[in-house]
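Trainee: structure for the following, please:
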Amino acid sequence: MLSACGTNLVVRGDEAERSIGIGNQSSVSFQGNGSKFATGGDNGSVKIWDIETGKELWTFEGHSHTIWSLAFSPDGSKIAAGDGTIRVWDTETGQDLFGAMEGHTDRVTGLAFSPDGTRLASGSIDNTVRLWDEAGKSTVLEGRNHSVFAVAFSKDYIISGSWDDTIRVWDASSGDLVRVLRGHTGSVYCVAFSPDFKLVASGSYDRTARLWDVSSGEVLAIYDVGESVWSIAFSFDGKQVVTGSYEGKVQVWNADVLL
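Mentor: I've put the predicted structure just below:
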């Protein structure tokens, strides 16, 4: 597990914990196979690190403002970063694949690749969610009119969490709005799909996390975190949900509700 603490990144394994000095970074993303992680800086730089050695492998330049969001493609071959624009780099060659991808008019606060790594979803404070194709061109997914804080991508759906307390669900193929998940009573800061893409976890300013059936929109569980939830993730087997709060607390919850 990774967590940021000041200018250090803490790596927690089964037997040990160690700290890697990463400087002043504003965002962190973990490569799926566990061998690398990325950090985004206040100065707009993106760095790739080896998790075992702590060695810096790449520094990608091009952004000029704080990196608000980062995402690896599922196979780890690409890294996307957003400030007010988006850039996507090849993690093996360092190539900037599309240059500055423009369209959003404010901070890009959420990024997520499709499971096959060919498309990218982005969310922004400008009240929009965009879907980017293999050529780096985007379309706006209709149905949002408030600031977007998080996005996630599955085989069938794209979801977003917003200032208006809702989670919106779009068809990943057509881009049509499928449903709106309502239940939170505060802004939804984070969303995540389970590994099998059947469940959605969400965290909110209302001091709770929720577990949803994405197909029906049914709420399956409500977790009383007691603090505003700013980050959320499933375990690799999908049986647990981990929440991170604004006040710094990390909690683990049972997500094994369908078995």
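Trainee: stretch 138-145: end-to-end distance?
Mentor: End-to-end distance of stretch 138-145 (CA to CA, to the nearest Å): 18 Å.
Trainee: ignore the last one, stretch 144-156
Mentor: Termini of stretch 144-156 sit 19 Å apart (CA to CA).
Trainee: again, but for stretch 184-195
Mentor: This stretch, stretch 184-195, spans 23 Å end to end (CA to CA).
Trainee: what's the answer for stretch 230-249, then?
Mentor: Start-to-end span of stretch 230-249 (CA to CA) is 10 Å.
Trainee: what's the separation between M101 and V242?
Mentor: Using CB to CB, to the nearest Å, M101 is found at 30 Å from V242. Quick note: C-beta positions are derived from backbone N, CA and C, even for glycine.
Trainee: these two: who's more crowded?
Mentor: M101 (21 against 18; other CB atoms under 10 Å).
Trainee: leaving out chain neighbours, which residue sits closest to that one?
Mentor: I86 (4.1 Å; CB to CB, 6 or more residues apart in numbering).
Trainee: got it, and S27?
Mentor: Distances taken as CB to CB, 6+ apart place G40 nearest to S27, at 4.1 Å, with adjacent residues excluded.
Trainee: what pLDDT is listed against that neighbour?
Mentor: Per-residue pLDDT puts G40 at 92.
Trainee: use 298 as the first number from now on
Mentor: Taking 298 as the first residue, the last one we looked at is G337.
Trainee: residue contacts, it?
Mentor: 322-325, 343, 363-367, 378 (CB atoms under 8 Å, 6 or more residues apart in numbering).
Trainee: do the same with D534
Mentor: Residues in contact with D534, defined by CB under 8 Å, 6+ apart, are P492.
Trainee: from S370, how far out is it?
Mentor: D534 is 22 Å from S370, by CB to CB.
Trainee: and if you look at S491?
Mentor: Between S491 and S370 the distance is 19 Å, computed by CB to CB.
Trainee: do I have it right that I456 meets V466?
Mentor: Yes. The criterion here is CB atoms under 8 Å, and I456 meets it with V466 at 5.2 Å.
Trainee: looking at these two, which is more packed in?
Mentor: Ranked by neighbour count (other CB under 10 Å), I456 and V466 place I456 first, with 29 against 23.
Trainee: what's opposite L478 in the beta bridge?
Mentor: I464 (DSSP bridges).
Trainee: contacts only, for it.
Mentor: By CB under 8 Å, 6+ apart, L478 lies in contact with 463-466, 497, 499, 509, 514.
Trainee: what of G373?
Mentor: 328-330, 332-333, 388.
Trainee: with A518 instead?
Mentor: 507-508, 550-552, 554.
Trainee: the same query, at a cut-off of 6 Å, please.
Mentor: Contacts for A518 were tallied using CB atoms under 6 Å, 6 or more residues apart in numbering; they are 508, 554.
Trainee: go on, V526?
Mentor: 500-501, 506, 540, 542.
Trainee: check P412 too.
Mentor: Per CB under 6 Å, 6+ apart, neighbours of P412: 371, 452.
Trainee: please apply the same query to the one 10 residues further on.
Mentor: The contact partners of I422, by CB under 6 Å, 6+ apart, come to 403-404, 444.
Trainee: switch to 8 Å and redo it
Mentor: 403-404, 406, 444-445.
Trainee: got it, and V437?
Mentor: 400, 425-427.
Trainee: show me what it is bridged to.
Mentor: Bridge pairing for V437 - DSSP bridges - gives R427.
Trainee: so what's the residue nearest to E349 when sequence neighbours are not counted scoring on pLDDT?
Mentor: The shortest distance from E349 to any residue other than its chain neighbours is 7.4 Å, reached at S332 (CB to CB, 6+ apart). Here the pLDDT value assigned to S332 is 82.
Trainee: contact partners of the helix or strand harbouring I455?
Mentor: Here I455, judged by DSSP states H and E, is contained in strand 454-459. Residues outside strand 454-459 that contact it (CB under 8 Å, 6+ apart): 407, 409, 418, 420, 426, 428, 438, 441, 443-449, 464-469, 475, 484-488, 490, 494, 497, 499, 501, 511.
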